[in-house]
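In: Make a model of this:
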Amino acid sequence: MARILLPEQEFIREHATVLVFSVLLHLALLALLAVNLNLMPLRKPQPQRLAIQATVVDQAAGRRRDLEKARQQQAAAAAADRRRQEELARERRIEEERRAQAEREEQRQAQEERRRQETEQARLATERRKAEQKKQAAAEEARKAEQQKQAAAEATRKAEQQKKQAAAEAARKAEQQKQAAAEAARKAEAQRRQTQREADLARQLAAEEELLAAADSGQLDQYAEIIRQKVERNWIRPASARQGLNCVVLVRQIPGGEVVEVRVTECNGDAAVVRSIEAAVLRSSPLPAPPNPALFDRSLRFEFRPQD
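Out: Residues are numbered from 1 along each chain as shown. Predicted coordinates for the structure are as follows:
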């Protein structure tokens, strides 16, 4: 109801001045009409002079014009009122039509919403049913997979057990073979070492015999004298060296005669003499080769007795 009266209130607020003026004009016309009716004589008027009659006629004509004008204004106001009522009625019809249209739209939307909800519920129910079916199928697949897994695990366990047994047997046989091979290798190595020792002993005996033969022939003394002479040639006699100098010198050499170590063990000279002898041996490197290769020895010992 408030929505229906709202356009009339808007119209009244917008045309308030015109409406007030129209009401005041109607009231003034009614008052003028009442005054004119009261002023009219009850008796039949007596003929007067022409001037008086003209005046009365003019006054009556003026009143008639005023009444006609008032009637026209009243008719215009009534027409305006009718137009306003028609406008209000038209606006009410438009409002009612709009409200009906809105209600129809709301009903249509509500029906669409119900259909959508029903469709959505049906879809969800279908999805739940499919999901349940998939879940059951997955559970069945998982059960079968678990059975297959257990069967495969059992087969694997048996295969692994057989494999371990076979590996243990192979390892046992391999260990036996390894022990047998090790025993054979040990025996072969012992035989080789025995043979090597015998060969080394034979070579050592031969070398010793050759060395004894060379010593007996004087070649060893000759070799020592050659080394002593070369060292004496390279010896720079210090001022502290005295006559009758006699020192024992130990030399370690490598094949080719290169001296790698020299040490004076016994000497009747002072420290300067010892250092000078060791320096002379190092300056004599490489030492002369022996006349007989059998006389070569990595460790040499000779006496250094320079001639005064």
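In: contacts, neighbours, all on C-alpha from now
Out: Fine.
In: Three-state assignment for Trp235, please.
Out: In the three-state summary, Trp235 is assigned as coil, counting by DSSP: H, G, I helix; E, B strand; the rest coil.
In: ok, Pro306 touching Lys230?
Out: No - the pair Pro306 / Lys230 is not scored as a contact, 11.1 Å apart, by C-alpha atoms under 8 Å.
In: what distance separates the helix or strand hosting Arg197 from the middle of the whole chain?
Out: Assessed by DSSP states H and E, Arg197 sits inside helix 50-217. In terms of C-alpha atoms, centre = their mean, to the nearest Å, the centre of helix 50-217 is set 20 Å apart from its chain centre.
In: Determine the set of other helices and strands touching that helix.
Out: Helix 50-217 is packed against helix 2-14, helix 16-39, with contacts defined by 3 or more C-alpha pairs under 8 Å, 6 or more residues apart in numbering; DSSP states H and E.
In: Comparing those helices, which yields the minimum mean pLDDT?
Out: Summarising mean pLDDT across the helices and strands packed on helix 50-217, the least confident stretch is helix 2-14, with a mean of 57.
In: Would you mind giving the secondary structure of Leu245?
Out: Here Leu245 is recorded as coil under three-state DSSP.
In: So, low pLDDT: which residues of the stretch 201-308 of the chain?
Out: 204, 206-216, 308 (pLDDT under 70).
In: Just the helices from it, written as ranges.
Out: Taking DSSP state H, counting those that start in this stretch to define them, one finds helices in the stretch 201-308 of the chain at 219-233, 271-283.
In: Ok, which of those helices comes nearest Pro293?
Out: helix 219-233 (10.7 Å; C-alpha to C-alpha).
In: Export only the CA atoms of the closest one, formatted as CSV.
Out: Written as CSV, here are the backbone C-alpha positions of helix 219-233 (Å, rounded to 0.1, in the frame of the first residue of the first chain):
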residue,chain,number,x,y,z
GLN,A,219,142.9,-58.0,-6.8
LEU,A,220,140.9,-56.8,-3.7
ASP,A,221,143.9,-55.0,-2.2
GLN,A,222,144.5,-53.5,-5.6
TYR,A,223,140.9,-52.2,-5.8
ALA,A,224,141.2,-50.7,-2.3
GLU,A,225,144.5,-49.0,-3.2
ILE,A,226,143.0,-47.5,-6.4
ILE,A,227,140.1,-46.0,-4.3
ARG,A,228,142.5,-44.7,-1.6
GLN,A,229,144.8,-43.1,-4.3
LYS,A,230,141.8,-41.3,-5.9
VAL,A,231,140.6,-40.0,-2.5
GLU,A,232,144.1,-38.9,-1.6
ARG,A,233,144.4,-37.0,-4.9
